[in-house]
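*Asks:* this one's sequence-less:
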């Protein structure tokens, strides 16, 4: 075969010329060509690993689908081939963070006649997981719910567990705590029924996350430690990194900053060693917060900026919104209010877009704290009221304390002294019921600074006063 020069190769590959040549073929001839192309390419790549096939998997799946209408085609074999390559294509799109294409491909699998019932349920669960990882919770929820129903019909306990666990975590992030806890019970039951140790480890870590959000940090740390140990033994690296992050978060919020740094360092090491980009981004997000709390505001701000860039690249909207909100907090603490204010608006908008109620309330409450610092107490009050309403609705005790204290200061600034005292005592009691000495000290210090700045009478530093 003679060589094709560069100009001819370009002309052949040019999209318009290729489309014109394609349209000249009769539909029946096109179908035959697709069937032939699938047969030849499938044979050519037979010896290659699945990883090597991933990049061209979507193309082969399309050849199989389009070739199935050819006269004399082995439609059953082509359907099986299409399904086989759709799985590889979906995995490729997922790994490349091509969210819409990954979900679309998983949904094709869920509706594919050549895919067994349990695998169709798994495809729905994986589609939900893709949306959930990208922070698109409103779109993820119906996929998880559909996956659970299909998995129950197929009597597939592993898929039931994964879909129920995904739904439980999603409900937690949407602030639906009671519903989330009930789903965790179902997920744990499915994990035990399956006898799968990996599912057990996942359940332990996710339960630890929920318990931490409910302020039950001692039990949460115990479960996270067990999850991390089991994940290490099983060699499940993404879960090992996640469990280290969970332990780091718990240590940080209970005042053990050095211990938290150690957990984050180990998580980062695992994530980088195994090219786990999402786990690395989440670890850096949490490490940035630790740097800020350790007095290294400029380093923390730079890391939050890095996380925002990475989240945009990954299409991880939830992480992007959270990192924007936390960067705004750093600017607020360093009194760069002009830089902080628009970031709070951006963070709140993303949270609302994704249905992230806890995130929305956190950003609104933090913006209200900024207005406190500026003496704009009238602007702060409605934001505090809405944020606290959502915190109560979702059962977020930590933020009821963290925003309840500055709300009391807001009322003090508005001259409503008795109301301020009641709110302060209530919020401080919540904080003192949590094993978080850092939060308590921060609230008392910030209250005193605010009172000094605006010549207000300080509130008592102890809820028992």
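*Replies:* Structure's in. What do you need? For clarity, every value in this text was computed on a predicted model and none was experimentally measured.
*Asks:* wait, residue 304 sits on residue 325?
*Replies:* No - using C-beta atoms under 8 Å, residue 304 is not in contact with residue 325; the gap is 9.5 Å. All C-beta atoms are positioned from the backbone trio N, CA, C, and that covers glycine.
*Asks:* Neighbour count: the two, which is higher?
*Replies:* residue 304 (28 against 25; other C-beta atoms under 10 Å).
*Asks:* The more buried one: which element?
*Replies:* Element membership for residue 304, per DSSP states H and E: helix 297-314.
*Asks:* What is that helix packed up against?
*Replies:* Helices and strands touching helix 297-314, as assessed by 3 or more C-beta pairs under 8 Å, 6 or more residues apart in numbering; DSSP states H and E, comprise helix 277-293, helix 317-333.
*Asks:* could the ones you listed go into TSV alongside distance to residue 461 and mean pLDDT?
*Replies:* As requested, those are exported to TSV (distance: least, C-beta to C-beta, whole Å; pLDDT from 0 to 100):
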stretch	distance to residue 461	mean pLDDT
helix 277-293	20	93
helix 317-333	20	94
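*Asks:* Could you identify which of those is most buried?
*Replies:* Greatest average neighbour count among these goes to helix 317-333 (a mean of 24), per mean count of other C-beta atoms under 10 Å.
*Asks:* Pull the contacting residues for the residue nearest the centre of the chain.
*Replies:* Nearest to the mean C-alpha position of the chain, by C-alpha atoms, centre = their mean, lies residue 133 at 4.2 Å. For residue 133, the contact set (C-beta atoms under 8 Å, 6 or more residues apart in numbering) comprises 278, 316.
*Asks:* how close does it sit to residue 269?
*Replies:* From residue 133 across to residue 269, the span is 22 Å (C-beta to C-beta, to the nearest Å).
*Asks:* What of residue 388?
*Replies:* 39 Å.
*Asks:* what about those two, which has more around it?
*Replies:* Between residue 388 and residue 269, counted using other C-beta under 10 Å, residue 388 has the larger neighbour count: 22 against 13.
*Asks:* quick one: secondary structure of the more buried one?
*Replies:* helix (DSSP: H, G, I helix; E, B strand; the rest coil).
*Asks:* With adjacent residues omitted, what lies nearest to it?
*Replies:* Spatial nearest neighbour of residue 388, excluding adjacent residues (C-beta to C-beta, 6 or more residues apart in numbering): residue 403 at 5.9 Å.
*Asks:* packing partners for the helix or strand harbouring the one you found?
*Replies:* Per DSSP H and E: residue 403 is located in helix 397-413. On a contact count with 3+ C-beta pairs under 8 Å, 6+ apart, helix 397-413 meets helix 357-373, helix 377-394, helix 417-432, helix 437-453.
*Asks:* next one: phi and psi at residue 112?
*Replies:* phi -90, psi 130 (degrees, to the nearest 10).
*Asks:* any idea how far it is from residue 105?
*Replies:* Taking C-beta to C-beta, one finds residue 112 at 10 Å from residue 105.
*Asks:* Repeat that for residue 245.
*Replies:* Distance of residue 245 to residue 105, given as C-beta to C-beta: 29 Å.
*Asks:* and the gap between residue 299 and residue 40?
*Replies:* Taken as C-beta to C-beta, the span from residue 299 to residue 40 is 55 Å.
*Asks:* Neighbour count: these two, which is higher?
*Replies:* A count of neighbours by other C-beta under 10 Å puts residue 299 above the other of residue 299 and residue 40, at 14 against 11.
*Asks:* I figured the more buried one hits residue 293, correct?
*Replies:* No - counting by C-beta under 8 Å, residue 299 sits too far from residue 293 to count as a contact (11.7 Å).
*Asks:* Helices of the stretch 1-150 of the chain, residue ranges please.
*Replies:* For the stretch 1-150 of the chain, the helices defined by DSSP state H, counting those that start in this stretch cover 6-13, 15-23, 27-44, 50-67, 75-95, 99-110, 117-133, 137-154.
*Asks:* just checking, residue 93 touches residue 102?
*Replies:* Yes - Residue 93 is within contact range of residue 102, at 3.7 Å (criterion: C-beta under 8 Å).
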